[in-house]
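Participant: Got a predicted structure here, sequence first:
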Amino acid sequence: IAGITQAPTSQILAAGRRMTLRCTQDMRHNAMYWYRQDLGLGLRLIHYSNTAGTTGKGEVPDGYSVSRANTDDFPLTLASAVPSQTSVYFCASSDSGLGELFFGEGSRLTVL
Amino acid sequence: GENVEQHPSTLSVQEGDSAVIKCTYSDSASNYFPWYKQELGKRPQLIIDIRSNVGEKKDQRIAVTLNKTAKHFSLHITETQPEDSAVYFCAAKNKLIFGAGTRLAVHP
């Protein structure tokens, strides 16, 4: 059982480039989330999706977009990367309602 | 929107002592309050959670208390051990907004 997987695990990117972080879960969870974690700081919610076909903005959505075409996949796209988007990105999923968040391993992104 | 504040940001204790981390939240509609532990270089993992219809929950050495009136909840770790050293995050539903985290160091 894979759980929730993210790709790539690490990426160095030139500023201005477009980048998509992939997230896939096989637990049939309805809700999925993207967080960023900067060095020494907590987890900040970027975007979320309560169910396939719907998305919502979190605390820090600017510069990011998401889509939820199906239950399993929740990609995060940086249309034009900037150095301030250097961070570790965590994808997570949970059952709808009150449930535990299951996190992916994280994707370390460096924008130069 | 929801705002979650967590204190302290760092906490250092001697092995065997207790540790307490506190969080406050702003959205009175929040009804689920989990705590996550993140070891260095790893993903956060749930250690305990509490729903709004319960005032306290305990699991071995860890416990969480909730005061809905005051809108705060706390994590209590008793008989701390070096392997408890990590960053701990509280969170509040809706939309699972996390506190800024507490770096706990347990010294032998």
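Facilitator: Yes, it's here. Numbers count the residues shown, from 1 in each chain, chains lettered A, B, ... in the order given.

Participant: Now do the same contact list for the residue nearest to B:Pro82 when sequence neighbours are not counted.
Facilitator: Counting by C-beta to C-beta, 6 or more residues apart in numbering or on different chains, B:Pro82 lies nearest to B:Val106, which is 5.1 Å off, once chain neighbours are set aside. In short, each C-beta sits where N, CA and C put it, glycine included. By C-beta atoms under 8 Å, 6 or more residues apart in numbering or on different chains, the residues touching B:Val106 are B:Val13, B:Gln14, B:Glu15, B:Ala19, B:Thr80, B:Gln81, B:Pro82, B:Glu83, B:Asp84, B:Ser85.

Participant: Could you report the neighbour count for the first one?
Facilitator: Counted with other C-beta atoms under 10 Å in any protein chain shown, the neighbours of B:Val13 add up to 17.

Participant: For the residue nearest to B:Pro82, what is the enclosing helix or strand?
Facilitator: Assigned by DSSP states H and E, B:Val106 belongs to strand B:102-107.

Participant: got the residues of chain B near chain A?
Facilitator: Taking C-beta under 8 Å from any C-beta of the partner chain as the contact definition, chain B meets chain A at B:1, B:6, B:31-32, B:34, B:36, B:43-46, B:49, B:51, B:89, B:91, B:93, B:95-101.

Participant: at 10 Å what do you get?
Facilitator: Residues of chain B that fall close to chain A, judged by C-beta under 10 Å from any C-beta of the partner chain: B:1-4, B:6, B:9, B:31-34, B:36, B:38, B:41-46, B:49, B:51-52, B:87, B:89-91, B:93-103.

Participant: For chain A, what lies in contact range of chain B?
Facilitator: Going by C-beta under 10 Å from any C-beta, the residues of chain A near chain B are A:4, A:6, A:31, A:33, A:35, A:37, A:40-45, A:48, A:50, A:56-59, A:88, A:90-92, A:94, A:97-106.

Participant: In PyMOL, how would I select the buried members of those?
Facilitator: To isolate the buried members of the residues of chain A next to chain B in PyMOL, using 16 or more other C-beta atoms under 10 Å in any protein chain shown:
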select buried, chain A and resi 4+6+31+33+35+37+42+43+44+45+48+50+58+59+88+90+91+92+94+99+100+101+102+103+104+105+106
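
Participant: In ChimeraX, how would I select the buried members of the residues of chain B next to chain A?
Facilitator: ChimeraX command restricting the residues of chain B next to chain A to the buried ones, with burial defined by 16+ other C-beta under 10 Å:
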select /B:2,4,6,31,32,33,34,36,38,43,44,46,49,52,87,89,90,91,93,95,96,97,98,99,100,101,102,103
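
Participant: among the residues of chain B next to chain A, which are in strands?
Facilitator: Using DSSP state E, the members of these that fall within strands are B:4, B:6, B:32-34, B:36, B:38, B:45-46, B:49, B:51, B:87, B:89-91, B:97-98, B:102-103.

Participant: Quick check: which ranges of chain A have low pLDDT?
Facilitator: A:1, A:96-98 (pLDDT under 70).
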